[in-house]
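Novice: Here's my sequence, what's the structure:
(3 chains)
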Amino acid sequence: MPELPEVEVVRRGIQQWSINRVISKVEVLHPRAVRRQIDDLAGELVGQQFGCASRRGKYLWLPFVGEDSCLIVHLGMSGQLLVQPEDSQFEKHLRVRIAFADGGNDLRFVDQRTFGLVQTDELIDDGAGGGIPSHVAHIARDPLDPLFDEDIFISAVRGNDTEIKRVLLDQGLVSGIGNIYADESLWRSKIHGNRRASSISPVHLKNLLDQAREVMSQALEAGGTSFDSLYVNVNGDSGYFSRSLNAYGQEGQPCPRCGSAIQREKFMNRSSFSCPRCQRPQRHSER
DNA sequence: CATAGATCCTGTATGC
DNA sequence: TGCATACAGGATCTAT
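Specialist: Numbers count the residues shown, from 1 in each chain, chains lettered A, B, ... in the order given. From the prediction side, this is the model:
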């Protein structure tokens, strides 16, 4: 579930539950979630206090008050950050449990597919007066970020001889966009994902970014309603997806614009959805 | 060097 | 019912 809107919903949710609380205990239930930090995550965390939650693309982090370090969380494909009573039963895929000195709710990282990540890291200068974890420094800003530089994106893309969908998914060029919002942005822009990025004019690229902004903003609004005050509800199926998706997951359904059946194509071992009439693919001979 | 494809996991849905 | 296969919202490594 986690692309920019979902991660942002989690950030806002986790923020109010974690701010200024002192960590008292950390349990790691699956080594992969913490990668190499299996032996020292607890040592790094216990005694620290969380500050304001930040996000870059799909990464979020909680800085430690008074330190130049933080806890990074990446949800991967299936990660969830939950706020749960400390005596509540462990979730089946609970990977990391963080308890607080106040004895209130735990912060829990639950992740079925174990692509997610929970790690401490040092904060470095982000070049704009803020801090960013060193592991996240290579991630570009997202298109909703006021400091996102459209011109840098466009010049980078025009020297890039790959498919436009791959560009949208390249977190080093523009962050926050995943398979769903890439397909939705491309559908709204009437561009097929296999178009060579370098063949798309700056005007069309700007429009594509605008469409990405719009669809992710709308998703963020819808995601906000799924937040439950008892715990951070990371349920991506909350209304938005059944109502508002035009292309993603809509194989065989009529294109809302022209009525043609939405098609599914293989892409990077998963799927791309597009309208065969509105979004003309680039043929091999044209590459 | 750039790029397209494979890969890490676990679970669910589908088909024979 | 049992078994095999395909696929899932990410990121990164590896052949070519």
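Novice: per-residue confidence at whichever residue of the stretch 101-250 of chain A sits closest to DNA strand C?
Specialist: Residue of the stretch 101-250 of chain A nearest DNA strand C, by C-beta to the nearest atom of the strand: A:Gly178 (2.0 Å). For glycine as for every other residue, the C-beta is placed from the backbone atoms N, C-alpha and C. On the pLDDT scale, A:Gly178 is placed at 94.
Novice: Roughly how far does it sit from A:His192?
Specialist: Remark: distance between A:Gly178 and A:His192 (C-beta to C-beta, to the nearest Å) = 18 Å.
Novice: how about the strands of chain A, start to end?
Specialist: For chain A, strands defined by DSSP state E occupy the ranges A:23-28, A:54-56, A:59-63, A:69-74, A:79-84, A:94-100, A:106-111, A:117-125, A:131-133, A:263-267, A:270-274.
Novice: Out of those strands, flag the one nearest DNA strand C.
Specialist: Closest of these to DNA strand C is strand A:270-274, at 3.2 Å (criterion: C-beta to the nearest atom of the strand).
Novice: mind exporting the closest one as CSV, just the C-alpha atoms?
Specialist: Taking C-alpha atoms only, strand A:270-274 is exported to CSV below (Å, rounded to 0.1, in the frame of the first residue of the first chain):
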residue,chain,number,x,y,z
ARG,A,270,4.5,-6.9,-12.1
SER,A,271,1.8,-5.1,-14.1
SER,A,272,1.1,-1.8,-15.9
PHE,A,273,-2.5,-0.8,-16.7
SER,A,274,-3.3,1.6,-19.5
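Novice: Report the buried residues of it.
Specialist: A:272-274 (16 or more other C-beta atoms under 10 Å).
Novice: What lies in contact with it?
Specialist: If you take C-beta atoms under 8 Å, 6 or more residues apart in numbering as the criterion, strand A:270-274 is touched by A:165, A:179, A:183, A:186-187, A:192-193, A:247-251, A:262-266, A:281.
Novice: so where do the helices sit in the stretch 51-200 of chain A?
Specialist: A:150-158, A:164-169, A:179-189 (DSSP state H, counting those that start in this stretch).
Novice: Ok, which of the ones you listed comes nearest A:Leu81?
Specialist: Ranking the helices of the stretch 51-200 of chain A by proximity to A:Leu81 (C-beta to C-beta) places helix A:179-189 first, at 19.8 Å.
Novice: Quick check: which helices or strands does the closest one pack against?
Specialist: Using 3 or more C-beta pairs under 8 Å, 6 or more residues apart in numbering; DSSP states H and E, the elements in contact with helix A:179-189 are helix A:164-169, helix A:202-224, strand A:270-274.
Novice: quick one, which of the ones you listed is packed in tightest?
Specialist: Greatest average neighbour count among those goes to helix A:164-169 (a mean of 23), per mean count of other C-beta atoms under 10 Å.
Novice: need the contact list for A:Leu41.
Specialist: By C-beta under 8 Å, 6+ apart, the contact list for A:Leu41 reads A:26, A:28, A:34, A:96, A:118-120.
Novice: Repeat the analysis, applying 6 Å as the threshold.
Specialist: Taking C-beta atoms under 6 Å, 6 or more residues apart in numbering, we find A:Leu41 in contact with A:26, A:28, A:34.
Novice: how close does it sit to A:Phe267?
Specialist: Look at A:Leu41 and A:Phe267: by C-beta to C-beta, they are 35 Å apart.
Novice: which residues are there in chain A that come within reach of DNA strand C?
Specialist: A:1-3, A:6, A:57-59, A:74, A:76-77, A:113, A:115, A:169, A:171, A:178-180, A:236-237, A:241, A:266, A:268-271 (C-beta under 7 Å from any atom of the strand).
Novice: Pull out the buried members of those residues.
Specialist: A:1-3, A:6, A:57-59, A:74, A:76, A:169, A:171, A:178-180, A:236.
Novice: what's the farthest-apart pair in these?
Specialist: Pairwise over those, using C-beta to C-beta, the maximum falls at A:Gln171 and A:Gly236, 19.0 Å.
Novice: least trustworthy helix or strand in chain A by mean pLDDT?
Specialist: helix A:240-244 (a mean of 60; mean pLDDT, DSSP states H and E).
Novice: Spell out which parts of the stretch 151-287 of chain A neighbour DNA strand B.
Specialist: Residues of the stretch 151-287 of chain A lying close to DNA strand B by C-beta under 7 Å from any atom of the strand are A:160-163, A:166, A:268-269.
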